[in-house]
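K.L.:
Return atomic coordinates for the entry below.
(2 chains)
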Amino acid sequence: MNDVALNIIHATKTFAGEGNGSWLARIRGNGEKKLVFALHDVSLRVQRREIFGILGPNGSGKSTLVRLAATLLIPDAGHITVFGHDVQHEEMQVKRLINRVSVDAAFFKKLSPMENLMYAARLYSLGAQDAREQIVEILHRLGIKTDSIYRPLGDMSRGMQQKVAIARAFLTAPILLLLDEPTTGLDPRSKREVQEFILEVRRDSDTTVLLTTHDMNEADALCDRIAIIDNGRIVALDTPTGLKAMVTISNDEEPTLEEVFMELTGKSLEEETV
Amino acid sequence: MTQLVQEIRASYAFVERNFNLVKRYWGWEVVWLTYSIANALSIAYIGAGMEQISGQKVDVDYLVLYLLIGTLVWRYLSIVFDAISEMIAWERWEGTIEYTFMAPVSRLTHMLGQTIFSVVYGLLFSGVILVVVVLFLHLDLSQANLLGGALVLLAASISFIGFGIMAAVLPLLFPERGAQMTHVVQAILLLVSGVYYPVTVMPGWVQALARLSPATYTLEGIRQAILQGAPLRSLLGTMGLLVAMGVLAIPAGVWIFSRAERHAKRTGVLKRSG
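P.N.:
From the prediction side, this is the model:
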C-alpha cells in the first residue's frame, strides 16, 4: 500500500460571500459577488500511520481542508489523493478508505446509537450480525453502557453523542480517519477518554489520523506532526518539537505551542476562537 | 462479495433507517394518518352531499368513488414524491447529509433504497386510509377491476419516482427554500392532473400541461379500472405509457441530481441548512 496516506498539492478553495446588491442585480451583472478564500495554495503530505494535526483558529480553513479530503467539497485548483486515489476522479475508492468525525455529532437524534450505527454499517456493506456485535463492543470500549445503546441518541449528553460519532467512524475500519475537532465542547473526562481512544486505535490498527483542533495541549500530546494554518494558508509545518524550536523566548523554558502560534501568526489562538 | 450484493445491502440501509424513523416518530404518524383520513372523508362527503347541494339528481355512489379515487391516489403519489424529493431536506434537518454523501454508496443505490421505502410506506399508509374510509362509506366495488387499478398504481410509482428525484435537486441547490419549492411542484401536479375533476374542465393550455403529468394517466387508468371495471388488456396502454415516462424520468432525474450534487460540492451548499 502507498505510504502517503493523504497528499494535498496546491489546493485552493474559495466560496462566494454574501456580496452587495440583490440576487437580481447579481444575475444582471450589476451586483458584486465577494469571493472568500477558505484555502489558498495549500500543500501537505500525511504519511501512513501518522497522527497529523492541523492547528488553527475558527475560520482558518481546517474544516474546509477536511471536507476536501472527505469528497464533500471539490477544490477550485490543485489535487488531493488518498492513498494514491484522486478524491475527484476516484471518489468511490476514496470513500471506502476514509471516515470522518466532525465537531457536531451528526445523527438521527430520535434513533438509538444501535440504529444509527447499523445504518452506517449497512452503507459500508458490513454484515448485520457482525456489525451488531462490533457496535456493542466499540461502544463499551468508549464507556457507553448497554442500556444507552438502545435509547434515543438525543437523550444522551453531548460528550456521549461524540463518543458514538467516534464509534461510527471506527466501525467502518477506515485507514484514513478525519477527525475535525472531535473533542471541542467535551468535558475534561470525555475529552481525555476520546484522546486515549485515538492513541489506542493508532497503536492497534493501521489507521492514519488527520486531526484538526484549536486545543494546543491536544495537538502537542497526540500529533506526530502539526501544520499551523491561518487565513487558509499553512504558516508552519513540523513536529511539535520542531515547531517549538522555531521560536526563541527570553527564559530557558521550552515554548508552548500557544507561544509558537502567536509568534508565527501574530495572533492569540484563544482570542481567535472565541 | 459481489458489487450487486453490496449495493442491495446499502440500499436496504435507507429502507431500515426510514422505517426506524417512522417507528420513533410514531406520534407524528398517528397525527398525519388522522389528518389524511379526515381529509379523505371530507372530500368523499362532498360527493355524498352533492344532491342536496345542487338540488339535482346525481349518481352519488359514482361521484363518491370518483372523488375517493382522486384522494387516495393523490395521497399515495404524494407520499412517494415526498419521500424521494425531501430526502435531502430531511437529512439537512437532521444534520446527517454529509455522512450519507460521504458513504461509499452510488446515488442510484441511495435513491433505490429511498424509493423502495416510499412505495412500501405509501401502500401501507394509503391502505389504512382505504380501510377506515370503507367503514364509513358503503362503497359498491362489485364491478371494479381492483387488480387492474393496483397495477396502474404501481406503474405510476415508477414515473413519480423519476419526478421525485428531479424535485430533490431543489433542496440540494437551494438550502433555504428548496423544500418549499418541491411543494410548488406538487401543487401544480395536483392542479393539472385532474385529481378531483376531469381535466377537460380546465382551459386548453392547462389541459396541454396535464398531458405531461403522469398523475393524469394514473387517475384516468384507475378510474377506468374501478368505476367502469375496464379489463386489464384495455389498461395496458396506460400502464405502458406510465412505465415509459418512468424509464425516461428516472435516468434523467439521476443525471440532473448528479450534476446538482457536483454543483453543491463546488459551491459548498451541501452542508448549509439555511
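
K.L.:
who in the stretch 1-150 of chain B is up against chain A?
P.N.:
B:1, B:5-6, B:9-10, B:12-13, B:16-17, B:20-21, B:24-25, B:94-96, B:98-106 (C-beta under 8 Å from any C-beta of the partner chain). Glycine gets a C-beta too; all of them are placed from N, C-alpha and C.

K.L.:
cutoff 6 Å now
P.N.:
Within the stretch 1-150 of chain B, the residues that sit near chain A (C-beta under 6 Å from any C-beta of the partner chain) are B:6, B:9-10, B:13, B:17, B:20, B:24, B:94-96, B:98-99, B:102-105.

K.L.:
of all those residues, which two lie farthest apart?
P.N.:
Taking every pair in the residues of the stretch 1-150 of chain B next to chain A and measuring C-beta to C-beta, the maximum separation is 27.1 Å, between B:6 and B:24.

K.L.:
Tell me the spatial nearest neighbour of the residue nearest to the spatial centre of chain B, not counting adjacent residues.
P.N.:
Most central in chain B under C-alpha atoms, centre = their mean is residue B:77, positioned 2.0 Å from the mean C-alpha point. Spatially, and ignoring its direct neighbours in sequence, residue B:77 is nearest to residue B:160 (5.2 Å; C-beta to C-beta, 6 or more residues apart in numbering or on different chains).

K.L.:
Okay, buried residues for the host helix or strand of that neighbour please.
P.N.:
Per DSSP states H and E, residue B:160 falls inside helix B:146-173. Of the residues in helix B:146-173, B:148-149, B:151-153, B:155-173 count as buried by neighbour count, 16 or more other C-beta atoms under 10 Å in any protein chain shown.

K.L.:
buried set for the helix or strand just after that helix?
P.N.:
Sequence order places helix B:178-192 as the next helix or strand after helix B:146-173, per DSSP H and E. Neighbour counts using 16+ other C-beta under 10 Å place B:178, B:179, B:181, B:182, B:185, B:186, B:189, B:190, B:192 of helix B:178-192 among the buried residues.

K.L.:
and if you look at stretch A:51-71?
P.N.:
Result for stretch A:51-71 [16+ other C-beta under 10 Å]: buried residues A:51-57, A:60-71.

K.L.:
Okay, and which of those residues map to strands?
P.N.:
Using DSSP state E, the members of those that fall in strands are A:51, A:52, A:53, A:54, A:55.

K.L.:
Return stretch A:133-144 as CSV; C-alpha atoms alone will do.
P.N.:
Extracted in CSV, the C-alpha atoms of stretch A:133-144 (Å, rounded to 0.1, in the frame of the first residue of the first chain):
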residue,chain,number,x,y,z
GLU,A,133,-21.6,-7.3,17.9
GLN,A,134,-18.9,-4.8,16.8
ILE,A,135,-21.2,-1.8,17.7
VAL,A,136,-21.7,-3.1,21.2
GLU,A,137,-18.0,-3.9,21.6
ILE,A,138,-16.8,-0.4,20.4
LEU,A,139,-19.4,1.5,22.4
HIS,A,140,-18.5,-0.5,25.6
ARG,A,141,-14.8,0.4,24.9
LEU,A,142,-15.8,4.0,24.8
GLY,A,143,-17.6,3.7,28.1
ILE,A,144,-21.2,3.6,26.9
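
K.L.:
Residues in contact with that stretch: which ones?
P.N.:
Under the contact criterion C-beta atoms under 6 Å, 6 or more residues apart in numbering or on different chains, stretch A:133-144 has outside partners A:114, A:117, A:149, A:163, A:167, A:170, A:171.

K.L.:
Surely residue A:56 touches residue A:65?
P.N.:
No. Taking contacts as C-beta atoms under 6 Å, residue A:56 lies outside contact range of residue A:65: 9.4 Å.

K.L.:
ok, and the closest non-adjacent residue to residue B:72?
P.N.:
Using C-beta to C-beta, 6+ apart and skipping the chain neighbours, the partner closest in space to residue B:72 is residue B:126 (5.5 Å).

K.L.:
you'd agree the one you found is up against residue B:71?
P.N.:
No. Between residue B:126 and residue B:71 there is no contact under C-beta under 6 Å: 9.5 Å.

K.L.:
Report the contact partners of the residue nearest to residue B:72.
P.N.:
Neighbouring residues of residue B:126 by C-beta under 6 Å, 6+ apart: B:72, B:75, B:76.

K.L.:
Give the rounded mean pLDDT of the helix or strand encompassing it.
P.N.:
In this assignment (DSSP H and E), residue B:126 forms part of helix B:107-136. Averaging pLDDT along helix B:107-136 gives 91.

K.L.:
That one: which residues count as buried?
P.N.:
Buried residues in helix B:107-136, counted by 16+ other C-beta under 10 Å: B:108-119, B:121-123, B:125-126, B:129-130, B:132-133.

K.L.:
any idea how far it is from the chain center?
P.N.:
On the basis of C-alpha atoms, centre = their mean, to the nearest Å, helix B:107-136 sits 9 Å off its chain's mean C-alpha point.

K.L.:
report the angle between the axes of that helix and helix B:146-173?
P.N.:
Orientation check (axes from the mean of the first three to the mean of the last three C-alpha atoms, to 10 degrees): helix B:107-136 against helix B:146-173 gives 130 degrees.

K.L.:
mind checking pLDDT for the nearest residue to residue B:105 once chain neighbours are set aside?
P.N.:
Ranked by C-beta to C-beta, 6+ apart and with sequence neighbours excluded, the top spatial neighbour of residue B:105 is residue B:10, at 4.6 Å. With respect to pLDDT, residue B:10 scores 88.

K.L.:
pretty sure residue B:10 is in a strand, no?
P.N.:
No. Per DSSP: H, G, I helix; E, B strand; the rest coil, residue B:10 lies outside any strand segment and is helix.

K.L.:
From residue B:219, how far off is it?
P.N.:
35 Å (C-beta to C-beta, to the nearest Å).

K.L.:
Do a quick rundown of the strands in the stretch 1-150 of chain A.
P.N.:
Assigned by DSSP state E, counting those that start in this stretch, the strands in the stretch 1-150 of chain A fall at A:4-16, A:35-47, A:51-55, A:77-82, A:85-86, A:98-101.
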